[in-house]
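Asks: what follows is a predicted protein model with its sequence.
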Amino acid sequence: MSIWLRILGVLLFAFVVALWVLKRYIRGGWCYSGARLDGKTVIVTGASSGIGKETAKDMARRGARVILACRNKAKAAEAKAEIRRATSSGHLVIRQLDLSSLASIRAFAEKIKEEESRLDVLINNAGVMMCPKQSTEDGFEMQFGVNHLGHFLLTNLLLDLIKSSSPSRIVNVSSVAHGGGKMQWEDLMMDEDYDRFSAYGQSKLASMLFTLELSRQLEGSGVTVNALHPGVIQTELFRHIEAEKPQGVAGAIIWLASLSPNFLFKSTVEGAQTSIYCAVADELESVSGLYFADCAPRKPTDAALNHQDAKRLWEISAKMVGLEKKVN
């Protein structure tokens, strides 16, 4: 064998090893907890697709009664059938929930309180990502309205039931994009200068601040609340970006993803692992107010740890959604 063939063989081997290491890194952490959830009730918002469906599937495998809180009932029915086939669970319930409608959120919460005697885990998973300028039914900027205000109202309306079921958990799916977010206090709806990337970052920073303040308010209650970044996953959230065929870095990422989405992004199963970890891990039973990624604590940005901003956002959010609850 010539020296050049040997060199080529070594380079090829090194390349394969590098690809394997990269894929392992992209895959991220894994929830190895064997915790059972028999007799417990879990709500997963946005459970009809993506990491929400995979999270619900895992909860069902653990024996939980899982409520699939979804906007599209037809897709929810398909997800329910898939989860039932995969888990043999009969404890699956569909309840319609449109987080872009305050009326829908209130109706959902009332039904849950009428029908359920307990709520052990609330996983605020649903969201929208980098959509064009749109408004919710109640006039809120879509990303802020769904990603933050919708879950803010839902959580507060269900809080008494969650408290009565303690020890219980609230899991908020945020994003590393909170690091690029800034609270536009004078124009939270970004009516003056809308940018979908900035709006998304603001909505995820708002989720982090909501987690911070709610954790403070729940101290000593037996209820924990944590936020997380699931990773970069090729799901329906990318539909708005893909449809516009962006240029620059975003365009390059979409192009690369189209070549090998399973390699460059986490799968939905991999992306669900941190949500699952925060919902079930025994070691997190009394851990609250933290931010997780790849099934491990991570330090969020300083902006996400600003208690004054967290209180300010709470008061503003409560007024926006008509929630009469003051910050202590």
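Replies: Arrived safely. Residues are numbered from 1 along each chain as shown.

Asks: quick one: Leu154 is in a helix?
Replies: Yes - according to DSSP: H, G, I helix; E, B strand; the rest coil, Leu154 belongs to a helix.

Asks: how many residues are close by it?
Replies: 26 (other Cβ atoms under 10 Å). (Glycine included, C-beta is placed from N, CA and C.)

Asks: pLDDT weak spots in the stretch 201-328 of the chain?
Replies: In the predicted model of the stretch 201-328 of the chain, residues 234-264, 325-328 satisfy pLDDT under 70.

Asks: correct me, but Gly222 touches Arg169?
Replies: No - with contact defined as Cβ atoms under 8 Å, Gly222 does not reach Arg169; the gap is 9.9 Å.

Asks: where does the residue nearest the centre of the chain land on pLDDT?
Replies: In the chain, the centroid-proximal residue (Cα atoms, centre = their mean) is Val173; its distance is 2.4 Å. At Val173, the pLDDT value in this model is 98.

Asks: what are the boundaries of the strands in the stretch 51-200 of the chain?
Replies: Using DSSP state E, counting those that start in this stretch, the strands of the stretch 51-200 of the chain run over 65-70, 92-96, 121-124, 168-173.

Asks: against which helices or strands is the shortest one packed?
Replies: In terms of contact count using 3 or more Cβ pairs under 8 Å, 6 or more residues apart in numbering; DSSP states H and E, strand 121-124 is assigned the packing partners strand 41-45, helix 50-61, helix 151-164, strand 168-173, helix 273-280.

Asks: pretty sure the residue nearest to the centre of the chain contacts Asn147?
Replies: No - Val173 is beyond contact range of Asn147, at 9.1 Å (criterion: Cβ under 8 Å).

Asks: what residues sit buried inside stretch 282-299?
Replies: By neighbour count on 16 or more other Cβ atoms under 10 Å, the buried set for stretch 282-299 is Leu284, Val287, Ser288, Gly289, Leu290, Tyr291, Phe292, Ala293, Asp294, Cys295.

Asks: over to stretch 110-126?
Replies: Buried residues in stretch 110-126 (16+ other Cβ under 10 Å): Ile112, Glu116, Leu119, Asp120, Val121, Leu122, Ile123, Asn124, Asn125, Ala126.

Asks: residue ranges for the helices of the stretch 151-300 of the chain, please.
Replies: Secondary structure of the stretch 151-300 of the chain (DSSP state H, counting those that start in this stretch): helices located at 151-164, 196-217, 239-244, 248-259, 261-264, 268-271, 273-280.

Asks: no wait, the stretch 1-150 of the chain
Replies: 3-27, 50-61, 73-87, 102-115, 142-143.

Asks: hey, least reliable of those helices by pLDDT?
Replies: Set side by side, those give their lowest mean pLDDT on helix 3-27, at a mean of 54.

Asks: Lys57 touches Thr87, doesn't it?
Replies: Yes - judged on Cβ under 8 Å, Lys57 makes contact with Thr87 at a distance of 6.3 Å.

Asks: please identify which of these two sits among more neighbours.
Replies: Lys57 (24 against 19).

Asks: and that one, how far from Val44?
Replies: Lys57 sits at a distance of 10 Å from Val44 (criterion: Cβ to Cβ, to the nearest Å).

Asks: enumerate every residue touching the spatially closest residue to Ala69 that is not a sequence neighbour.
Replies: Spatial nearest neighbour of Ala69, excluding adjacent residues (Cβ to Cβ, 6 or more residues apart in numbering): Leu97 at 4.1 Å. With contacts defined as Cβ atoms under 8 Å, 6 or more residues apart in numbering, the neighbours of Leu97 are Thr45, Ala69, Cys70, Arg71, Ser104, Ile105, Phe108, Ala126, Leu154.

Asks: same check on Ser198?
Replies: Per Cβ under 8 Å, 6+ apart, neighbours of Ser198: Gly180, Gly181, Lys182, Gln184, Met190.

Asks: which one of those residues sits closest to Arg65?
Replies: Gly181 (34.9 Å; Cβ to Cβ).

Asks: the closest one reaches Phe197, doesn't it?
Replies: No - in this structure Gly181 lies outside contact range of Phe197 using Cβ under 8 Å: 9.5 Å.

Asks: now the contacts of Leu97 in JSON lines, with distance to His229?
Replies: Formatted as JSON lines, these follow (distance: Cβ to Cβ, whole Å):
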{"residue": "Thr45", "distance to His229": "17"}
{"residue": "Ala69", "distance to His229": "21"}
{"residue": "Cys70", "distance to His229": "23"}
{"residue": "Arg71", "distance to His229": "23"}
{"residue": "Ser104", "distance to His229": "27"}
{"residue": "Ile105", "distance to His229": "24"}
{"residue": "Phe108", "distance to His229": "26"}
{"residue": "Ala126", "distance to His229": "16"}
{"residue": "Leu154", "distance to His229": "21"}
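
Asks: of the buried residues of stretch 110-126, closest to Phe210?
Replies: For the buried residues of stretch 110-126, the nearest to Phe210 is Asn124 (9.2 Å; Cβ to Cβ).
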